[in-house]
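> fold the following.
(2 chains)
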2 protein chains.
Amino acid sequence: MNTPKSENIVWSATGVTDDDRRRVLRQRGCVLWLTGLSGSGKSTIARALELRLLQDRHTAYVLDGDNIRHGLNVDLDFSPAARTENIRRVAEVAALLADAGLITITAFISPYQADRQKAREIVTASTAPAAAPRPGHPFFEIFVNTPLAVCEQRDPKSLYARARAGLIPEFTGISAPFEAPTTPELVLHTEVNSVASCVAEILSLLNHNGIY
Amino acid sequence: MNTPKSENIVWSATGVTDDDRRRVLRQRGCVLWLTGLSGSGKSTIARALELRLLQDRHTAYVLDGDNIRHGLNVDLDFSPAARTENIRRVAEVAALLADAGLITITAFISPYQADRQKAREIVTASTAPAAAPRPGHPFFEIFVNTPLAVCEQRDPKSLYARARAGLIPEFTGISAPFEAPTTPELVLHTEVNSVASCVAEILSLLNHNGIY
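Below is the predicted model:
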């Protein structure tokens, strides 16, 4: 799909197969892509899910908007172009984690439909070239569909208040768009269901799709 | 260490501890950073080591220069600045994989001492902010010290021939520098030792450092 800058790249042969990883980890690598407004509950659900999976002796890891911007994406701001690059890199890293066999949970606002579609393609596409094709991995788009009014009332980081006061430019839901998913694998309603209930819904999704 | 572009970032609380991951995976997350010339044997050793670890029911993953440039770093060329950004991003991803509990093996030429030092800092530093500090993880610099003449004789990808013919600019060892590690944790001599022997040396290193 992508063409590297240099032609002088040869794919390395890999000795480890996807089945080998499944046997060792007793699960199938995949990506759970949580999308929703700031304050919708993405990170809370992601962390609770991660903890529950670890308690069940599965291997999971959360990639989080707040965390990854201190590291890999420290060079990116919140402009539309930088948001797109942010999501592209997160998707590439999520694909690597899934390829390593992990149940990978991403918790990013990811407001643009096109970016989420690109993320899905990156994760599910098998990378073809020559010796070491990486198989595609399952991708589940999970819409944490908490209404703006509820998110704004929660406002755990006081971001909505600051955005309303004009102190934060391009804030999703206030001064920047959120394009709701049209065909997500799962929709969560945090204003009526508990965190534990949302986690249970995701576990059921994993189970029905043969992840473990 | 790094300062994100926006101040509007709050660290997420994590429920899963490093000890939880160790218990589930029966190992400690770490980074094995292989450095050496093209053709020195980095990828071959990395893949053989990964396979051996999986066979021993450990969880390992290779980040490879040839592979990652098709994905995360598809936008980077081989100029000095792009090589530095390449290594920075790989180090950030390796730190995430180590944080997820994996024995992470990187196989990149990584010719600059300063870049490798930065990689070590990224992996070993605990990221401090507030709720979810990530602990630092062990970093082992492994110098695959195969002489240039041997690498050039192997030339498995015919890259040296093309570089000598002037077809590849900035080729490490020919037209771009390789700064040898001064204090690596391990030095491998592939011109006298077999792949299996090199793998055994690395396993011994892991064992002596309490990785498993």
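> burial measure for residue A:209, as a count.
13 (other CB atoms under 10 Å in any protein chain shown). Glycine gets a C-beta too; all of them are placed from N, C-alpha and C.
> please save the CA atoms from stretch A:110-130 in CSV.
Extracted in CSV, the C-alpha atoms of stretch A:110-130 (Å, rounded to 0.1, in the frame of the first residue of the first chain):
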residue,chain,number,x,y,z
SER,A,110,-10.0,10.4,16.2
PRO,A,111,-12.7,12.8,14.9
TYR,A,112,-12.3,12.2,11.2
GLN,A,113,-14.0,9.3,9.4
ALA,A,114,-11.3,9.2,6.8
ASP,A,115,-8.5,8.8,9.4
ARG,A,116,-10.3,6.0,11.1
GLN,A,117,-10.9,4.3,7.8
LYS,A,118,-7.1,4.6,7.1
ALA,A,119,-6.4,3.2,10.5
ARG,A,120,-8.6,0.2,9.7
GLU,A,121,-6.8,-0.3,6.4
ILE,A,122,-3.4,-0.1,8.0
VAL,A,123,-4.3,-2.7,10.7
THR,A,124,-6.3,-5.2,8.5
ALA,A,125,-4.1,-5.0,5.4
SER,A,126,-1.5,-7.7,5.0
THR,A,127,1.8,-6.1,4.0
ALA,A,128,2.8,-8.1,1.0
PRO,A,129,6.4,-7.5,0.0
ALA,A,130,8.5,-10.6,-0.5
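> pull the distance from it to the chain's centre.
The chain centroid and the centroid of stretch A:110-130 are separated by 11 Å under CA atoms, centre = their mean, to the nearest Å.
> likewise stretch A:45-64?
Centre-to-centre, stretch A:45-64 and its host chain are 13 Å apart (CA atoms, centre = their mean).
> kindly check the end-to-end length of it for me.
Its start and end residues considered, stretch A:45-64 measures 11 Å (CA to CA, to the nearest Å).
> in chain A, which helix or strand is least confident?
Across the helices and strands of chain A, the lowest-confidence element by mean pLDDT, DSSP states H and E is helix A:65-68, at a mean of 76.
> residue boundaries of the helices in chain A?
In chain A, helices defined by DSSP state H lie at A:18-25, A:42-55, A:65-68, A:80-99, A:113-124, A:148-154, A:159-164, A:195-208, listed in chain order.
> out of those, which is closest to residue B:62?
With CB to CB, the closest approach to residue B:62 among the helices of chain A belongs to helix A:80-99: 10.0 Å.
> in chain A, where is pLDDT below threshold?
Applying pLDDT under 70 to chain A flags the ranges A:1-14, A:66, A:128-133.
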